[in-house]
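[1] need a 3D model of the sequence below.
(one chain, ligands or ions: 1)
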Amino acid sequence: MNEQSRSPEFDVVVVGAGVAGLYLLHRLREMGVTAVAFESGDDVGGTWYWNRYPGARCDVQSIDYSYSWDTELDEQWEWSERYATQPEILRYLGFVADKHDLRRDIRFSTRVDGAVWNDATSLWEIATDDGATTTCRYYVMATGCLSVMKDADIAGVGTFDGEVYYTGRWPHEEVDFTGKRVGVIGTGSSAIQSIPIIASQADELTIFQRTPNFSIPAYNGPVRPADAARINADRAAYREEARWSSSGVPREVAELSALEVTEEVRQERYERAWQEGTIFSLMGAFNDILTNADANDTAAEFVRNKIRSIVDDPVTAEALCPKTYPLGTKRLCLDSGYYATFNQPHVRLVDLRENPIQSITGAGIDVVTADGATSYEFDAIVFATGFDAMTGAIVSVDITGRDGVQLRDRWADGPHTYLGVMSVGFPNLFMVTGPQSPSVLSNMALSIEQHVDWICDTIEHLRTDGKAVIEPTPVAEAGWVRHSNDFADLTLFPQANSWYMGANVPGKPRVVLPYLGGVDRYRKTCDQVVERGYLGFEVSGEEGTEVNDGVIIQLQPDVGIMIEFMEELALPPMDSMSPVEARAFSEAMAAESPAGPDVGQVLDGTLPGADGNDLDFRLYRPAEQGPHPIVIYFHGGGWVIGNATSDDALCRDLCVRSGAVIVSVDYRHAPEARFPAAPDDGFAAVRWIADHVDDFGGVPGQLAVAGWSAGANIAAVVTQRARDEGGPEISGQLLLTPVTDCDFTRPSYTENGDGYILTTALMTWFWDHYADVADRDDPRASPLRAESLAGLPPAMIVTCEFDPLRDEGEAYAAALADAGVDVRHRRARGQIHTSVPAVNALLSGVSVRGEMADALRGFFPAGVPA
Ligand code: N01
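    Alright, predicted model coming up:
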C-alpha cells in the first residue's frame, strides 16, 4: 500500500458549525463522504451563537438571509420581523440542525488549534484542544469572517474593577444594566445596535467614539407586504435572481450617475432609499456612489443632514457626522433609534478625536483634555471594538502546509488566495467565504451556499476523477489577487481605515480583503474556472499530476465589463461596413460616450493641409494663464474614420493633466485620399502651427506631437520627417498604441486578433483602404522601417496588453531605444486598444493617462505650470 492510499479517519474535517458548517455537513452527508465538524461553542450558530449582545440582529432581511437549499424551510419557518433578532436566527439554525440531524456530526466545545499537511500521506492532521489528532483528506475552514475579536488595544485594559463585556462574547445569562453607569467603547454596528437598548436600562450611558459611522434606520417590523408578495410570487425565481445579483439580494440596478440628475431628483432618490431601510438602498441609489468621490459626497451629505435633523444638540450632531471617509467604505450600519438615543438626558458622547482615551482605570476611563485629563467612572464597560476580520479566524489556527510553511507567514503581507477559496502551498484546504471573495459585501447566507456548493462539487469531481489532491497554481493565485486589487482600485474603498482594509487592527497589512466585483460576477467566474477544466489548479492522484495553469481574468475589470456589454449589443463588425457607414457608426458611438473634463477654452478653426486644402482643428487651452507648450494631436481611426473632434474627451483630459495646449488636427482620410495624404497633411499641419506658435498661445520651441493608433502612426512619421526635412524642432512624441509596421505576423496579432474590439480583420480592412501593398514598406506608412531612428526626440510609447498592435508598438520602443532615443515605454496591463482613451467611461485607464501627461510635461522641462 502506498502512502497516498492510506485512509483518513474522515474524508472531510470542517471547522465551525455556523451557517456555513451546517450546510457543509448536510451536503457532504448527501455525497456519501464522511465528515466531522469541530465547534468551539457548545451549540450550533457560529456568529449567531457568540454575538448575543442586546439588540443584535441581522442587517440583511431575513427572507434573504436564510437557506435556500432546503425549500421546505420556506413553509416550515416564518420570520417574525424583517430583520430577525439574534435569538430568532439562532433558533432557526438550531431548527435546521435538528431537522437534518446534523448535531451528530459535530464535536462541540472543541477548538481546532493546529492543522498540518502531510505530504507523504496527502492528508491533513488536525489537532484539537482536547489533545486529539484527527486525519482527513479535505480540511474546510468554515470559521466566519467576523469571529475573532480584535485585541482591545487600549492602555489599562484589564485593570477595570467593574463589569466588563465584549459584544462579540456576550454572556449567555441575561445582563441587566438597570441603575448602572455604563461606558461603551466603539460606534460600529455592534455598538449602534446595542446602545439604544443599553440606554433604556442604564442610569447613565457614555459612548466613546473614535470614528463616527453612517447609519440608516432599519424600520424594523413585520416583513413588508411588497417584499413578501415579491418572494412568494415565485420563490425559486426570486432565489435565482438573488444568486445573479451583485449583492446577493435582488435589487434594481441603478443606471444613472448621482451627478447627472437634478438636486431635486437626487434628494428624492435618497429619501426613498432611506425609507427602504436596507444597507444596499443608499449605495445602490446611483451607479457611482462607490466609485466617484463627488457622487458619494452627495449621499454622505444626505445622511449627515438626517443626523443633524434627528440629534438636538448641534455639537453632538456634528460629532456624530462622518466626514473622513466616503459613505459605504466602512460598513454601513442599520439601526433602531440610534441617533435619537443621544437626545436622552442621561446619554452623552465623548469624541475621542478631541479627547483620546488615556487609559482604562480601576474606576473607569480617563481621557486626555486640554488641561490634563477627565475621569469617567462606571459600573460596567462594554467593548464594542470589533474583529480581526476575514483573515483573523483563519490565521489564528496554526496551519502548516507544504514544506512546513505556516499560512500566517505566507499571508504576512496580506492574504493570497485563488477565488478566496484556496491558497498555494495548502493543498485540499478550502475556505468558505475567504478573503478575496464577495463574502461580507454580500448576503452572507447566499455567498456561503455558493462557496459550499463549489467546494463540495470540487471534492465530488476529484473523487469521480480518481484524484486526491487539489491546489491552485502560483500563476492563478497571483492573477486572482491582482484582479481583486484591480477591482478595489476602481472604488473608493481603499480610502477608508476600515476593517475591510484590515486597517482596524494595528500592524495588520492594509489590503482590501473582500472581492468587490459582486456576487454575480464572482459566481460566473467560479463556474468558468470549472468549465475550463479547473483552470489554475494542479490536481493529482495515483496516476500522476495534471496542471491546468492560467489566469481566469486578465483584463482590467472595467474593460472586461465594457467588452461584455459590447458583445451583448451584438453590433455588426466595422469591417463588414462601407467606410461611409463605418464613419456614421463611429460617430454614433462617440455621441454616446461620456464627455471629457472642462478646459479653459475650446476653439475650432482650419489650417492649410499639404495640398492647400483646409484641415479642421480643435484647440484645447488649459484654464491656467498661458502661454503654454503646444501638443499637436492626431486622432485614431485607422486612417479611414474620425476627425478633429472625435477624440474630444482624450484631448480634454490630456490638456487638463499636462497643462499644454492640445491642437487636434484632422487629416485627409482613405479610401478617398490614400497614402501618403494623411502623413503629408500631418506634416503640413505641424509646420504651419510651428510657424504660428504665438497665434496659438504657445511657447516658442515647445512643440510636441501625440496621437492614438493610426494617429500615433502619423505622429511618428511626422517626427521622422521633421528630423529629415529641416524641422520644425519637435520636443517629444507621445504615441498611444501606435501603428508602426505593416507586418501582421507578430504574436499579438494572433493572441489578440479577435475579441478585443480592434481585430486583425479590422486592421486588415484599414490597411486595405489606406495603402497599396507596394507602399506599405515605406517608412511614411511603417515608421518602424525607417533607415535610422537615431536623432529623434524623446518618446513615450503606450502599448496595451490585449491589442493586436501591442508588439509593433513595443518593437518601435525597442528600436528607438537601440537608436539612442530617450524612450519611455509603458505596457498597460489588462487594457485593450480602445480602452485608455475612454475618459470618464473606464476608470482603469486613469493612471496610464496620468503617465502620458507626465511624459508630455517631461518633454517641456521649463515653463509648464506644475
Ligand atoms: O466592529 P467595528 P463591530 N479605541 O469594527 C472602535 C458586522 N456586524 O463589531 O472606527 C477606541 O465596526 C472603532 O473605532 P474606529 C458588521 O459587518 C453585523 O461593531 O476604529 N475605539 C469602531 O467604532 C460590522 O461592520 C451586524 O476608529 C476603538 C468600533 O470600535 C462588523 O460586524 C451586527 C478602539 C468597532 O466597530 C463589525 O462590527 C454587528 C480603540 N482602541 C456587527 N478600537 C449585523 O447586523 C476599536 N474602536 C449582521
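[2] burial measure for the closest residue to residue 549 other than its chain neighbours, as a count.
    Excluding the flanking residues, the one nearest residue 549 by Cβ to Cβ, 6 or more residues apart in numbering is residue 473, at 4.9 Å. C-beta: built from backbone N, CA, C; applies to glycine. For residue 473, the count of nearby residues is 19 (other Cβ atoms under 10 Å).
[3] over to residue 502?
    Using other Cβ under 10 Å, residue 502 has 23 neighbouring residues.
[4] got it, and residue 691?
    10.
[5] residue 429 versus that one, what's the distance?
    For residue 691, the distance to residue 429 equals 70 Å [Cβ to Cβ, to the nearest Å].
[6] looks like the residue nearest to residue 549 contacts residue 535 (just checking).
    No - using Cβ atoms under 8 Å, residue 473 makes no contact with residue 535, being 9.3 Å away.
[7] which of the residues in the helix or strand bottoming out on mean pLDDT in the chain are buried?
    Least confident helix or strand of the chain, by mean pLDDT, DSSP states H and E, is helix 225-233 with a mean of 92. Within helix 225-233, the residues that qualify as buried are 227, 230, 231, counting by 16 or more other Cβ atoms under 10 Å.
[8] what about the protein, any weak spots by pLDDT?
    Where the chain drops to pLDDT under 70, the residues are 1-6, 862-866.
[9] what does it put close to the ligand?
    57-59, 146, 153-154, 167, 185-191, 193, 210-211, 331, 352, 357, 384-387, 440, 499, 504 (Cβ under 6 Å from any ligand atom).
[10] inside strands: which ones of those residues?
    Counting by DSSP state E, those place 185, 357 in strands.
[11] contacts only, for whatever residue of the stretch 501-650 of the chain ends up closest to the ligand.
    Closest residue of the stretch 501-650 of the chain to the ligand, Cβ to the nearest ligand atom: residue 504 (4.8 Å). Contacts for residue 504 (Cβ atoms under 8 Å, 6 or more residues apart in numbering) come out as 150, 386, 389, 497, 498.
[12] quick one: neighbours of the closest residue to the second one other than its chain neighbours, just the number.
    This means residue 386. Using Cβ to Cβ, 6+ apart and skipping residues adjacent in sequence, the residue nearest residue 386 is residue 150, 5.0 Å away. Number of residues near residue 150 (other Cβ under 10 Å) recorded here: 20.
[13] next up, the contacts around residue 150.
    Residues in contact with residue 150 (Cβ under 8 Å, 6+ apart) are 385, 386, 387, 388, 392, 504, 505.
[14] what's the closest of the residues you listed to the ligand?
    Of those, the one sitting nearest to the ligand (Cβ to the nearest ligand atom) turns out to be residue 386, at 2.5 Å.
[15] for the closest one, what are its contacts?
    149, 150, 186, 188, 190, 499, 504.
[16] only the buried subset of these, as a PyMOL command please.
    To isolate the buried ones among these in PyMOL, judged by 16+ other Cβ under 10 Å, type:
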select buried, resi 149+150+186+188+190+499+504
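[17] counting by contacts, list what the helix or strand containing residue 95 packs against.
    Using DSSP states H and E, residue 95 sits within helix 86-99. Contacts defined by 3 or more Cβ pairs under 8 Å, 6 or more residues apart in numbering; DSSP states H and E place helix 86-99 against helix 19-31, helix 47-50, helix 73-76.
[18] could I get those as TSV with mean neighbour count?
    Formatted as TSV, the helices and strands packed on helix 86-99 follow (neighbours: other Cβ atoms under 10 Å):
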stretch	mean neighbour count
helix 19-31	24
helix 47-50	23
helix 73-76	13
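[19] mind putting the ones you listed in JSON lines, distance to residue 808 included?
    Putting the helices and strands packed on helix 86-99 into JSON lines (distance: least, Cβ to Cβ, whole Å) gives the following:
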{"stretch": "helix 19-31", "distance to residue 808": "51"}
{"stretch": "helix 47-50", "distance to residue 808": "56"}
{"stretch": "helix 73-76", "distance to residue 808": "60"}
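[20] out of those, nearest to residue 841?
    helix 19-31 (38.5 Å; Cβ to Cβ).
[21] then that closest one to CSV, C-alphas only?
    Coordinates of each C-alpha in helix 19-31 appear next as CSV, following Å, rounded to 0.1, in the frame of the first residue of the first chain:
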residue,chain,number,x,y,z
VAL,A,19,-24.4,28.9,8.8
ALA,A,20,-21.6,27.5,6.6
GLY,A,21,-20.6,24.5,8.7
LEU,A,22,-24.2,23.2,8.9
TYR,A,23,-24.8,23.4,5.2
LEU,A,24,-21.4,21.7,4.5
LEU,A,25,-22.3,18.8,6.8
HIS,A,26,-25.6,18.4,5.0
ARG,A,27,-24.0,18.4,1.5
LEU,A,28,-21.2,16.1,2.5
ARG,A,29,-23.5,13.6,4.0
GLU,A,30,-25.6,13.7,0.9
MET,A,31,-22.5,13.0,-1.2
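[22] just want the residue of the stretch 151-300 of the chain that's nearest the ligand.
    residue 188 (2.1 Å).
[23] tell me who's in contact with the residue nearest to residue 549.
    Neighbouring residues of residue 473 by Cβ under 8 Å, 6+ apart: 424, 536, 537, 538, 547, 549.
[24] what do you get if the cut-off is 10 Å, keeping everything else the same?
    Contacts for residue 473 were tallied using Cβ atoms under 10 Å, 6 or more residues apart in numbering; they are 418, 424, 479, 535, 536, 537, 538, 547, 548, 549, 550, 551.
[25] try residue 158
    Residue 158 is in contact with 152, 164, 360, counting by Cβ under 10 Å, 6+ apart.
[26] what helix or strand is the closest residue to residue 821 other than its chain neighbours located in?
    Excluding the flanking residues, the one nearest residue 821 by Cβ to Cβ, 6+ apart is residue 792, at 4.9 Å. Using DSSP H and E, residue 792 maps to neither a helix nor a strand.
[27] show me the strands in the stretch 601-750 of the chain, by range?
    Here the stretch 601-750 of the chain has its strands, by DSSP state E, counting those that start in this stretch, at 601-608, 614-621, 628-634, 661-665, 698-708, 732-736.
[28] any residues in contact with both of residue 473 and residue 535?
    Common contact partners of residue 473 and residue 535 (Cβ under 10 Å, 6+ apart): 418, 479, 548, 549, 550, 551.
[29] need the strands of the stretch 601-750 of the chain in JSON lines with mean neighbour count and distance to residue 159, can you?
    Below are the strands of the stretch 601-750 of the chain laid out as JSON lines (neighbours: other Cβ atoms under 10 Å; distance: least, Cβ to Cβ, whole Å):
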{"stretch": "strand 601-608", "mean neighbour count": "14", "distance to residue 159": "67"}
{"stretch": "strand 614-621", "mean neighbour count": "20", "distance to residue 159": "65"}
{"stretch": "strand 628-634", "mean neighbour count": "28", "distance to residue 159": "65"}
{"stretch": "strand 661-665", "mean neighbour count": "28", "distance to residue 159": "65"}
{"stretch": "strand 698-708", "mean neighbour count": "24", "distance to residue 159": "66"}
{"stretch": "strand 732-736", "mean neighbour count": "29", "distance to residue 159": "63"}
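[30] can you lay out those strands as a markdown table showing distance to residue 854?
    As requested, the strands of the stretch 601-750 of the chain are exported to a markdown table (distance: least, Cβ to Cβ, whole Å):
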| stretch | distance to residue 854 |
| --- | --- |
| strand 601-608 | 23 |
| strand 614-621 | 18 |
| strand 628-634 | 13 |
| strand 661-665 | 15 |
| strand 698-708 | 13 |
| strand 732-736 | 10 |
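[31] packing partners of whichever strand or helix holds residue 198?
    Following DSSP H and E, one finds residue 198 within helix 189-201. Counting by 3 or more Cβ pairs under 10 Å, 6 or more residues apart in numbering; DSSP states H and E, the packing neighbours recorded for helix 189-201 are strand 163-166, strand 181-185, strand 204-209, strand 215-217, strand 333-335, helix 338-341, strand 347-351, strand 380-383.
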